[in-house]
Structures are given as C-alpha cells and as structure tokens.
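**Q** Following is a predicted model, sequence given first.
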Amino acid sequence: MDLYGFKIPRVAALLFWAALWEIVGQFELLLLFPPLSEVLFALPDVVTTSSFAEAARITVAAYLGGLALAVVLGIGLGMLMGLVKAADNLLNMWVNIFLSAPLSALVPVIMILFGMGMPTVVVTVFMFAVWIIALDTRAGVLHVSPSLIEMSRSFGASRWERFRIILLSAMPEILAGVRLGVIRGVKGVVIGQLLVSIIGVGALFSLYSQNFLMAHFWALILILFAFALTLADVIARLETRIEYYAGARA
Amino acid sequence: MNMPSTLHSTERSPVATTPEAVIEVRGVHKVYAGNITALQNIDLDFNRGEMTSLLGPSGCGKTTLLKIIAGLLKPTKGDVAVNGRPVAGPGPERAFVFQDFALMPWASVLRNAAFGLELQGVGKSEREDRARHYVNEVGLSGFEDKYPHELSGGMRQRVGLARALAVDADVLLMDEPFSAVDEQTRRKFQEDLIRLREIEKKTFILVTHSIEEAVYLSDRIVLLSPRPGRLNKIVTPEIDRSGDPDLIRRNPEYLDLIDDIWSGLRAYVE
Ligand SMILES: Nc1ncnc2c1ncn2[C@@H]1O[C@H](COP(=O)(O)OP(=O)(O)OP(=O)(O)O)[C@@H](O)[C@H]1O
Ligand SMILES: [Mg+2]
C-alpha cells in the first residue's frame, strides 16, 4: 500500500480501523457499539465461560459434520453431473437455483423437518456449502483433457482407474469449490444457530443481547470472523500447493 | 514377464527378408455422426519393424485411422487385426504417443513414464526400474523427479515416448508427436527417433503434416486423399540413414522425393 509515496504495511489499515472503532465507541453514542478495548477485554471473559466451551463444541461439531456431508455429496453430485449428460440436464437448474437462493429463508423449513437442535444446524451448513462444491466439481470434470482420458484408455485403464484420473484432473476446481464451501458453511452454521437460537453460539448471542452484554456480543463476532478467515486461509494454502498443476494443464 | 519378450524379439527374423504384417487394416470405413465420411475403404498392412508415415491434407482422416488401429475408435465397417487377432479395443501390443503429450500434471516424470506399467499391475520397483531405463533412453536422465510443467514441450513429448516404449508394445502409434514442438527440438527429436528405432526394433506408425519429416523418418509413406480419406499412393523412400543426419537432409534423393510428394499433394491445396 502506498500513501503519498510512503510505504505503509498492510497491518496499518487494520490499526486504522481499530483506532476508529475505539474512538467512535468512546463517545458512547450507541449502546450497541462499545469501544474496541472493551470488546477485547470481554474476549477472555467470553472464552473462559463453560457456556462458550459448550457452544464452541456444538458449533464445531455441527460445522464439521455439515461440511463433511457437503464435501462428499457435493463432489459426488458434481462428478455425476459432469459425467452423465442426462443427470446434468435434470439437476443443473436446481443446483443453480439453490446456489443463488436466499437459503436463510429455508432454515425455518429445515427446522420443521429436523427439529430445534443439532441436526437442523448440520443440514443448514450442508445446504450452504454443497451447491458451490457440486458446481465447481462439475466444471472441473468438464474441463478434464479428453486426451488424458484417451491416454488412460489406450494403456488399458479400468473404469475405476479412469475415474481416478478424472478426479485428480478436476482437483484444482474441486478445491476451489471446497474453499468457497468452507466459507459459506460458516455462514450456515451461524445463521442456523441464530435461528434455532437455543444451542451453540446462537444461544450465546441471544443470551448476550438479551442481557445487553454488547462487548461480549462483539467479542463473539470477532471470534467467529477469525475462525472463518483462518479456515479459508488454510484451504487457500492447500490450493496453492495444488495450483502448480492447474496451470500446467493448459 | 520381461524375459520371454526379449527372447522373442531376438528370434525375430530380419525384416528385409520376410516382411510380416503386424497390423492388417481391411476394408475400413469410418462415418462420423452427421454423415461425415472420414475414411473410405482403407486396406493397408504395416510390416514388423517398419516405420510408416501417414501423410495427407488436414481433415483427411489420419488421426481417425490411427485411433481405429489403437482401438480407441470403432470403424463403421471393416476390421483391423494385430498379430493376426482382430482388435476389439486398446491392447498391450500397441502404445500411443499423443499430440498434446497427455501427461498427468500431478505425477513426476518417472511416474508418468511408468504409468502404462502401473496400469498393467507391474510392481513398483520393477516398473520404476524399467521407466528409468526408458527415461534415460529418450535423453531425460536427471529429470525423473521433475513435473511436466517444469519441462519444455519437447521434453514432455520425450516423456510421452518413454511411457509408450516402457510397456514394450510391438507397435508405436504416434499422432503428430512433434507438431507442438519448436523446429530445432523437432530435428533433434527426429534424429533421436532414428537412433531409437535401431535399438528398439519396433513398428512405428507416424501421423505427420510434414513431408520432410515423413521422408526423413519413414520406410514407407502412405498418402491419403482429402475427405473422404482414401489411399492415394504409397511411397517407399530408400534412403540410407546410417550417416550424418545433416548429410541426409542434403541428400539429392531425399530432396527429390520431397519435391515429388509435394507436387502430388499440391493439387489438393490449390
Ligand atoms: N468426433 C467427430 N465427429 C464428427 N466428425 C469428426 C469427428 N472427429 C473427426 N471428424 C471429422 O472427420 C474428418 C477426419 O478427422 P481427423 O481428425 O481424422 O483428420 P486428420 O487427418 O487427423 O486431420 P488433421 O491433419 O487436421 O489432424 C475431419 O473432417 C473431421 O472434421
Ligand atoms: Mg489429426
């Protein structure tokens, strides 16, 4: 970043916004908006409570469960759509609709179907993450070089081995889809819990807001953001390791 | 598995005295969807140990013929036999070298070269030994652990060639193997191919656009007519290839033959 010819490190931007938050918060204009320092002081308070440990456990479990389902079924669905034209004709429209639909509106329906607990949150995470994984996998499969398939056939590859070649060839797109799914899944787990509101961070959020513990409320949001960004970063790192062959495929 | 095949090749009678067809193409027609006749009535034998080039204008069905021989495509009519047995699909007697190399980007040079053996179920250490031998033979020793994107186009095609050689097929099918390679690399590659032929004693079928390449490399050139592809003419260049490669390229017989073939093909282009 450059400002009037001076090199400014990237953290500077972060510090600027943090300072702004602190200053605006100090004016106590809004009850909802405590200064950053207060939020940071609330952090250890939030993290050390047993309700937080419980909420974190439920959130992580629901998130990982839903995400695992989404990865397995999303890649499966994408492979099916990429390989079987008829399946693609049948499913493509629906997958696209679900991808762009406001899924939060569906959570109450999921709640009716799966009850006011963990399964609803798992299904919500799944619904948020699965479609982008399926579509990216499908794109990856459609991009597999036909001559690579022909090559494996000419050297006597079995059906299973050809499938493996397709899966490996599509890996860059699949990982891109998984990365997006990971981020969407965080949305899913938060929205699901907020709407269910009696378990996990959803329960904490309603506890804090009902008791006007705004610093705690914001501290929890910071934790969630950090969680989502860290996850996305981990996947992005994994992707750059795979990247080399995405470029080499052309 | 290796032993019998080496025995077999040493017992083979010299090509010049008894030409024996490895591949017989009988009455092959190929009609693609949309009523496009790509090949019409192709009858052709390929003799053991010979290098044959398929030459003809673009779209005349060279790739189609090669893929039918490889078993990757089914002819609409007619059949192909390899070593006397009709082909129903790809088989271990034939190995294909692809125009765009068709290497697995996630696998090292050695693993790519060993891929045919891996599919045949050859154990890891044995297949790596054999692949290493051929990687070396195509001039890539030292690059075993590199990945395809770290190699130039010419080197990638050498990996494709090593992979095809490693399965010890009788016939190597090559679809414009040098077309994606720059001119200097291509010449070097052609010279290496002549040398490899001496060592490997395999049957080569080469699709090419280049008259020079066909004349320089092959014992026999099959000229195909424009679509629908039919046999037009068969030329047998008799060029002594034992000497200096540069002398061959200046040899009057070589140059005359190029001119002859060109004047035959010119009619199609004009
Ligand atoms: N899958 C296909 N469906 C329909 N037509 C095809 C198909 N593949 C090839 N053709 C047509 O068949 C004809 C022969 O194709 P082929 O690829 O064998 O030609 P070629 O001699 O290899 O050409 P080039 O020199 O350009 O590589 C071409 O006119 C092509 O358009
Ligand atoms: Mg072709």
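**A** Great, that's in hand. Ligands and ions are numbered 1, 2, ... in the order given.
**Q** Could I get the average pLDDT for the helix or strand where B:Asp79 lies?
**A** Counting by DSSP states H and E, the element that carries B:Asp79 is strand B:77-82. With pLDDT averaged residue by residue, strand B:77-82 scores 93.
**Q** Can you pull out the low-pLDDT segments for the chain?
**A** Chain wasn't specified; assuming chain A. A:1-3, A:5, A:30-31, A:242-250 (pLDDT under 70).
**Q** To clarify, I was referring to chain B.
**A** If you take pLDDT under 70 as the line, chain B has these spans: B:1-19, B:269-270.
**Q** and with 80 instead?
**A** Chain B contains residues with pLDDT under 80 at B:1-19, B:180-181, B:239-249, B:252-254, B:264-270.
**Q** hang on, the earlier thing: who touches the strand holding B:Asp79?
**A** Contacts to strand B:77-82, defined as CB atoms under 8 Å, 6 or more residues apart in numbering or on different chains, come from residues B:22-29, B:41-42, B:68-69, B:71, B:86-87, B:91, B:93-94, B:170-171. Where C-beta positions appear, they are placed from N, C-alpha and C, glycine not excepted.
**Q** For that strand, list the C-alpha coordinates in PDB.
**A** Extracted in PDB, the C-alpha atoms of strand B:77-82 (Å, rounded to 0.1, in the frame of the first residue of the first chain):
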ATOM      1  CA  LYS B  77     -17.200 -51.100 -41.400                       C
ATOM      2  CA  GLY B  78     -14.200 -53.300 -41.900                       C
ATOM      3  CA  ASP B  79     -11.700 -54.500 -39.300                       C
ATOM      4  CA  VAL B  80      -8.200 -54.300 -38.000                       C
ATOM      5  CA  ALA B  81      -6.000 -57.200 -36.900                       C
ATOM      6  CA  VAL B  82      -2.900 -57.000 -34.800                       C
END
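**Q** Sketch out the strands for the chain, chain order is fine.
**A** I'll assume chain A. A:2-3, A:6-7 (DSSP state E).
**Q** wait, chain B
**A** Counting by DSSP E, the strands of chain B are B:21-32, B:36-47, B:51-55, B:77-82, B:85-86, B:94-97, B:171-175, B:203-208, B:220-224, B:231-235.
**Q** how about CSV for those strands, with mean neighbour count and distance to B:Ser125 added?
**A** Shown next, in CSV, are those (neighbours: other CB atoms under 10 Å in any protein chain shown; distance: least, CB to CB, whole Å):
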stretch, mean neighbour count, distance to B:Ser125
strand B:21-32, 18, 31
strand B:36-47, 18, 35
strand B:51-55, 25, 33
strand B:77-82, 17, 30
strand B:85-86, 10, 32
strand B:94-97, 26, 22
strand B:171-175, 24, 25
strand B:203-208, 24, 30
strand B:220-224, 22, 40
strand B:231-235, 15, 45
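**Q** wait, what's in contact with the residue minimising distance to the centre of chain A?
**A** Chain A has A:Ile183 as the residue nearest its centroid, 2.0 Å off, counting by CA atoms, centre = their mean. Contacts here follow CB under 8 Å, 6+ apart; on that basis A:Ile183 touches A:228, A:231-232.
**Q** Mind doing that once more with 10 Å?
**A** A:128-129, A:132, A:228-229, A:231-232, A:235 (CB atoms under 10 Å, 6 or more residues apart in numbering or on different chains).
**Q** how far away is whichever residue of chain B sits closest to chain A from B:Trp106?
**A** Proximity of chain B to chain A (CB to the nearest CB) peaks at B:His149, 3.0 Å away. The span separating B:His149 from B:Trp106 equals 10 Å under the rule CB to CB, to the nearest Å.
**Q** which of those two has more neighbours?
**A** Shown here are B:His149 and B:Trp106; by other CB atoms under 10 Å in any protein chain shown, B:Trp106 has more neighbours (19 against 15).
**Q** Quick check on that one: phi, psi?
**A** phi -90, psi 0 (degrees, to the nearest 10).
**Q** Confirm for me that it is in contact with B:Tyr147.
**A** Yes: under the criterion of CB atoms under 10 Å, B:Trp106 makes contact with B:Tyr147 at 7.8 Å.
**Q** surely B:Phe178 meets B:Ala214?
**A** No: assessed by CB under 10 Å, B:Phe178 is found out of contact with B:Ala214, at 11.4 Å.
**Q** shared neighbours of the two, anything?
**A** Common contacts of B:Phe178 and B:Ala214 (CB under 10 Å, 6+ apart): B:206, B:208.
**Q** list the contacts for the closest residue to ligand 1 within chain A?
**A** Across chain A, no residue is closer to ligand 1 than A:Pro146, which sits at 10.2 Å (CB to the nearest ligand atom). For A:Pro146, the contact set (CB under 10 Å, 6+ apart) comprises B:100, B:102.
**Q** And it, how close does it get to B:Ala113?
**A** In terms of CB to CB, A:Pro146 sits 22 Å off from B:Ala113.
**Q** go on, B:Met51?
**A** 22 Å.
**Q** With A:Tyr63 instead?
**A** 43 Å.
**Q** The two: who's more crowded?
**A** The neighbour comparison of A:Tyr63 against B:Ala113 (other CB under 10 Å) goes to B:Ala113, with 31 against 25.
**Q** wait, B:Asn47 sits on B:Glu20?
**A** Yes: using CB under 10 Å, B:Asn47 makes contact with B:Glu20 at a distance of 6.3 Å.
**Q** Now the common contact residues for the two.
**A** With CB under 10 Å, 6+ apart as the test, B:Asn47 and B:Glu20 reach no residue in common.
**Q** Might one say that B:Cys22 is in contact with B:Arg48?
**A** Not Cys; residue B:22 is Val. Yes: B:Val22 lies in contact with B:Arg48 (CB under 10 Å); the separation is 4.7 Å.
**Q** pretty sure B:Ser210 contacts B:Ser179?
**A** Yes: in this structure, B:Ser210 is within contact of B:Ser179 by CB under 10 Å, at 8.3 Å.
**Q** which residues are in contact with both of these two?
**A** What both B:Ser210 and B:Ser179 touch, as defined by CB under 10 Å, 6+ apart, is the set B:Arg186.
**Q** This completes my enquiry, with thanks.
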